[in-house]
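>>> need coordinates for the following:
(one chain, ligands or ions: 2)
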Amino acid sequence: MMRSLDGSLRRLRTDWIDVYFNHAVNDPHRMYNPEWREFTLRATEAGKIRWRGMSGHGGRLVECLDYALDNDLVDVILVGFNFGQDPAFYQRYTRGMDLVAIQQDLPRVLRKARKQDVGIVAMKTLRGAKLNDMRPFETGGVGFAEAAFRWVFSTGLVDSLIVTMNKRKQVDEYLAASGWTASRAADIPLLLAYEERHGATQCRYGCNACTDTCSAAVPIAEVLRARMYAEDYGDAALGRETYAALAQPAAACAECPAPTCACPFGLPVASLTRRAHGLLGRNS
Ligand code: SF4
Ligand code: SF4
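Ligands and ions are numbered 1, 2, ... in the order given. Have a look, this model is predicted:
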């Protein structure tokens, strides 16, 4: 690990890294490994890193976070968190819509992190970022993106957001949410419109409830995340890179005679994975 850190410092042309993340931790064994504690202790003492971080958005995220917090293994956490993962959003606003929050326990563990003075950064805050679909609903000068960001800030559980911005106009649009600590009245109808429009087709990253339903072991959530980067974020290169890095891409889906994959939220998994492979498989 130290060799890898030294390589990063060389490539970044810096002497230290502020937050060194153990990235995409979705298996608690990654945190059980005593090498993480030993390595971060040595790297911190050597002045090569300032704070220890852990990131994740998989199905076992809460378990990983609990262990890391209970054993003082992190100073900062980076987690997938949006209105679709907040039980409070569904309880308050979506009665009768037959929708439930995934990772019901995530707010609890974020509160625990807060009490321990651990920094919290949220990612995946746009719940899939189908921004263009939302333009017709954006009236009165309030945009969906700022509404989604404000929801995250309104929980009081997050210090900052990390959001993809590759166009200048996105900077202007997203900055509208900066400094807010509560939602505006116009925000909630936009979030509900998004949920009604996309709740049945947008993967709820972080649940992985479909993992064992594919006999070909296609990593469904990861395949759909790569599709999201390419289509919804408009970042084709990131989508292709994410897809190409998968140990098992969705090639099997194209010829799958009798799909067994199933999503408890009703997503049409087979057609979504086939679409992802058609879009991204050429370069994998
Ligand atoms: S496809 Fe459904 S079950 Fe699978 S990760 Fe997405 S929301 Fe969860
Ligand atoms: S279509 Fe077949 S191969 Fe693809 S995820 Fe579903 S069950 Fe697995």
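>>> buried residues in stretch 18-30, which are they?
V19, Y20, F21, N22, V25, N26, P28, R30 (16 or more other C-beta atoms under 10 Å). To be clear about C-beta, it is placed using only N, CA and C from the backbone, and glycine gets the same treatment.
>>> for it, what is the average pLDDT?
Per-residue pLDDT values over stretch 18-30 give a mean of 91.
>>> and the contacts of that stretch?
Stretch 18-30 is contacted from outside by 5, 31, 36, 40, 43, 49-61, 63-64, 67-68, 74-76, 78, 119, 208, using C-beta atoms under 8 Å, 6 or more residues apart in numbering.
>>> on that earlier part again, among the buried residues of stretch 18-30, which lie within helices?
R30 (DSSP state H).
>>> could you list the low-pLDDT ranges of the stretch 151-284 of the chain?
Low-confidence segments of the stretch 151-284 of the chain, defined by pLDDT under 70, are located at 205-206, 282-284.
>>> could you rerun that using 50?
Low-confidence segments of the stretch 151-284 of the chain, defined by pLDDT under 50: 284.
>>> and the buried residues of stretch 18-30, which two are furthest apart?
Across those, the longest distance by C-beta to C-beta is 20.8 Å; it joins V19 and P28.
>>> related to what we said a few turns ago, buried subset of the contacts of stretch 18-30?
So, by 16+ other C-beta under 10 Å, the buried ones in those are 5, 31, 36, 40, 43, 49, 51-61, 63-64, 67-68, 74-76, 78, 119, 208.
>>> what ranges does the stretch 51-200 of the chain have for its strands?
Secondary structure of the stretch 51-200 of the chain (DSSP state E, counting those that start in this stretch): strands located at 76-80, 119-123, 160-161.
>>> how is this protein partitioned into domains?
Per automatic domain parsing, the domain ranges recorded for the chain read 2-202, 209-284.
>>> gap between the two ends of the longest one?
Going back to what we said before, that points to domain 2-202. 39 Å (C-alpha to C-alpha, to the nearest Å).
>>> returning to what we had before: please list which of the contacts of stretch 18-30 are also close to ligand 1.
Taking C-beta under 6 Å from any ligand atom, the overlap between those and the neighbourhood of ligand 1 is N208.
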